[in-house]
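Engineer: Fold the following and give me the result.
(chains A and B)
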Amino acid sequence: MKEGLEKNTESCCADMVLKKKGSRRGALAALLGGAATAAASTAGAALATEEERELKRIKRNEFFQKYYRAMTEEERAATVARFERKTKLETGMDVQIDSTSARPGVLFGYAFNISKCEGSRECVAACVQENNQDRTSNMQYIKLFEMEGDMGSVHGGDSEYSHETPVDGKYYLGTQCFHCENPPCTKACPTGATWKEADGIVVVDYNWCIGCRYCEAACPYFARRFNWKEPEVPAEEINPNQHYLGNRMRTKGVMEKCTFCIQRTRKGLSPACVEACPTGARVFGNLLDPDSEIRWILAHKKVFRLKEDLGAEPKFWYYAD
Amino acid sequence: MLKKLFITGSTALMLIGCSQEPEHTYSEPLNQSDSVRQELISDHRAQPVAMLGYEHVYVAGSEIERKDCARCHQPGVEPYRDASMPLGQDAHWDVVIHHAGSMDCFSCHKQEDPRRLVSVIDQDATLETAYLHCGSCHKNELQSWLGGAHGKRVTGWDGVRIIENCTACHNPHAPAREKVIPVAQPTVTPDRAKRN
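Structural biologist: Okay, here's the model as predicted:
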């Protein structure tokens, strides 16, 4: 709380604060500062336990937290520690929130073999499990479309099939965030809460997102998901290996999306969907490594991407063999 | 500013990075210690690919290693064959061949020792190096498998590359894959992709 107020002691009125460029949170802090202090002090001493007070303090700090990209390494470490503690207090779970940054010499890319996918949706299940998606709204990042012939786009495909697969004469095409090299979504964001990292992963700072959903509208691939309600994951199903820009717990009113399992891939593992695929239809790797599997596919297979004419340069290729 | 050009079979792709970002250069991001590497190799009971130029790629071991063929098949000793039974269907009644119509056991297993397989790539192909055998008829799949477009890598994207043998996904006797019942309910809420 203290830090939040101190930051704004120079500003005497809301107008002035709002004119100050790039201090959106600061402005809110100044506007709400008084109210928040009052609430905190009345909720106060007599009833709350030490832990409840700690949780309140953490939440207050979170509200005034800086933009992730603007944080120093120490600030990131402190923020991460605060989130770990918050999850412990709220759910009793011990989670590890990682803030590993992009490794130089890495640019991630993905290839999907439409002649191998059998539509089993093992990838979807693994993704939900890995990324702590809201179970009650059945949120999923991956969609598998059952397709027939050349449909021009996925719109003709059926993403809600529930019969034995693969059906003869049909093929299965999976979509998720394509981590465009030239992403339209990040440009639409008014607060800079979503951006492309140096290794090509498009991420969201859930604490900086205001939930306006402009990015969702801007994405030509329907890759973004919005939390209409407080996400719920049963405690025993929470994946404790988390990344700040990845699968840490989200809140109501923020955007989320596939992060190529940033918590796994930054450590050299493959995304959960790749690992779960029983057919090997999903290939993930480093586009800058000339010996990688993804580069072999780009060099030796006929590949295509969806809506290539839009120029978003998705790093997600389809191929068949 | 990044400018990287990939020429692909049909597509020339330009990836043009955003100017604020550091330059991408390839600098061997392999971030795996030798001990981790050895651990992965032994966990998967993996062997280097027995083909020239692919020794750095490893193939994961299969369950078959535990089936003890030598208990009944000594090299050079013909097993007792009941003439009234089709070849191999007496002792191995559970082996049913649905593979390209007209194959019998000896199209693949060598008569003198069934653990060894017929292959034009390598005379020493065994059950563990079945890819040498499959690959002698399925050349394109073998190439794709070595390159990474067919089959599956069992380790992460970085570090030692360990891949599945053909027999991990295909029953050699009936290699077509069976149908599956999909898991995970699809999202039921209509989304924009659907409405369009």
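
Engineer: Excluding chain neighbours, give the residue nearest to the residue of chain A found nearest chain B in space.
Structural biologist: Closest to chain B within chain A is residue A:293: 2.6 Å, counting by CB to the nearest CB. Every residue, glycine included, has its C-beta placed from N, CA and C. In space, not counting the residues next to it along the chain, residue A:293 is nearest to residue B:148; the distance is 2.6 Å by CB to CB, 6 or more residues apart in numbering or on different chains.

Engineer: now swap in residue A:287 and tell me
Structural biologist: The spatially closest residue to residue A:287, leaving aside those adjacent along the chain, is residue A:109, at 4.1 Å (CB to CB, 6+ apart).

Engineer: Can you pull out the low-pLDDT segments for the chain?
Structural biologist: Unless you meant another one, I'm taking chain A. Counting by pLDDT under 70, the ranges of chain A that qualify are A:1-48, A:151-152.

Engineer: switch to chain B, that's the one I care about
Structural biologist: Under the criterion pLDDT under 70, the flagged ranges of chain B are B:1-31, B:64-67, B:187-196.

Engineer: Now do the strands in it.
Structural biologist: For chain B, the strands defined by DSSP state E cover B:3-7, B:12-16, B:47-48, B:57-59, B:161-163.

Engineer: The shortest one and chain A, are they touching?
Structural biologist: No. Strand B:47-48 is not in contact with chain A by CB under 8 Å from any CB of the partner chain; minimum separation 15.7 Å.

Engineer: ditto for the fourth one
Structural biologist: No. Figure legend: strand B:57-59 not in contact with chain A (CB under 8 Å from any CB); closest approach 10.2 Å.

Engineer: partners of that strand in the sheet?
Structural biologist: When sheet partners are counted by DSSP bridges, strand B:57-59 sits next to strand B:47-48 (antiparallel), strand B:161-163 (parallel).

Engineer: Check chain B for the residue nearest chain A and tell me.
Structural biologist: Ranking the residues of chain B by distance to chain A (CB to the nearest CB) places residue B:148 first, at 2.6 Å.

Engineer: residues touching the residue nearest the centre of chain B, list them.
Structural biologist: With distances taken as CA atoms, centre = their mean, chain B has residue B:165 as the residue nearest its mean C-alpha position (2.9 Å). When contacts are counted by CB atoms under 8 Å, 6 or more residues apart in numbering or on different chains, residue B:165 touches B:59-60, B:62, B:128, B:130-131.

Engineer: And for residue A:120?
Structural biologist: With contact set as CB under 8 Å, 6+ apart, residue A:120 has these partners: A:165, A:278-279, B:180, B:182-183.

Engineer: right, and the pair among those residues with maximum separation?
Structural biologist: The distance between the two most remote of these (CB to CB) is 13.8 Å, for A:279 and B:183.

Engineer: Compare those two (neighbour count), which wins?
Structural biologist: residue A:279 (21 against 13; other CB atoms under 10 Å in any protein chain shown).

Engineer: Quick check: closest non-adjacent residue to that one.
Structural biologist: Using CB to CB, 6+ apart and skipping residues adjacent in sequence, the residue nearest residue A:279 is residue A:116, 4.7 Å away.

Engineer: So the one you found: helix, strand or coil?
Structural biologist: Residue A:116 falls in the coil class when you classify it by DSSP: H, G, I helix; E, B strand; the rest coil.

Engineer: and the gap between the residue nearest to residue A:293 and residue A:296?
Structural biologist: The gap separating residue B:148 from residue A:296 is 5 Å, by CB to CB, to the nearest Å.

Engineer: Neighbour count: those two, which is higher?
Structural biologist: Between residue B:148 and residue A:296, counting by other CB under 10 Å, residue B:148 is the more crowded of the two (24 against 20).

Engineer: what sits against that one?
Structural biologist: Under the criterion of CB under 8 Å, 6+ apart, the contact list for residue B:148 reads A:283, A:285, A:292-294, A:296-297, B:163.

Engineer: nearest to residue A:88, of the residues you listed?
Structural biologist: When those are compared for distance to residue A:88 (CB to CB), residue A:285 comes out closest, at 35.6 Å.

Engineer: Check whether the closest one really touches residue B:157, as I assumed.
Structural biologist: Yes. Here residue A:285 reaches residue B:157: they are 4.7 Å apart, a contact under CB atoms under 8 Å.

Engineer: between the two, what contacts are shared?
Structural biologist: Among the neighbours of residue A:285, those also in contact with residue B:157 (CB under 8 Å, 6+ apart) are residue A:292.

Engineer: beta partners of residue A:282?
Structural biologist: Taking DSSP bridges as the rule, residue A:282 bridges to residue A:112.

Engineer: Report the contact partners of it.
Structural biologist: Here residue A:282 is in contact with A:110-113, A:123, A:174, A:271, A:273-274 (CB under 8 Å, 6+ apart).

Engineer: quick one, phi/psi of residue A:184?
Structural biologist: Listed backbone geometry of residue A:184 is phi -70, psi -30, with angles given as degrees, to the nearest 10.

Engineer: Can you report phi and psi for the spatially closest residue to it that is not a sequence neighbour?
Structural biologist: Residue nearest to residue A:184 in three dimensions, not counting chain neighbours: residue A:218, with 4.5 Å by CB to CB, 6+ apart. Phi and psi for residue A:218, reported as degrees, to the nearest 10, are phi -80, psi -20.

Engineer: how many other residues sit next to the closest residue in space to residue B:176 that isn't next to it in sequence?
Structural biologist: Computed as CB to CB, 6+ apart, the closest residue to residue B:176 that is not its neighbour in sequence is residue B:98, at 6.9 Å. The criterion is other CB under 10 Å. On that basis, residue B:98 has 11 neighbouring residues.

Engineer: and if you look at residue A:295?
Structural biologist: Neighbours around residue A:295, by other CB under 10 Å: 21.

Engineer: Residue A:135 now?
Structural biologist: Neighbour count for residue A:135, taken as other CB under 10 Å: 14.

Engineer: can you pull the contacts of it?
Structural biologist: Contacts were defined as CB under 8 Å, 6+ apart; by that measure residue A:135 touches A:128, A:232-234, A:237.

Engineer: hmm, try it at 10 Å
Structural biologist: By CB atoms under 10 Å, 6 or more residues apart in numbering or on different chains, the contact set of residue A:135 is A:128-129, A:231-234, A:237.
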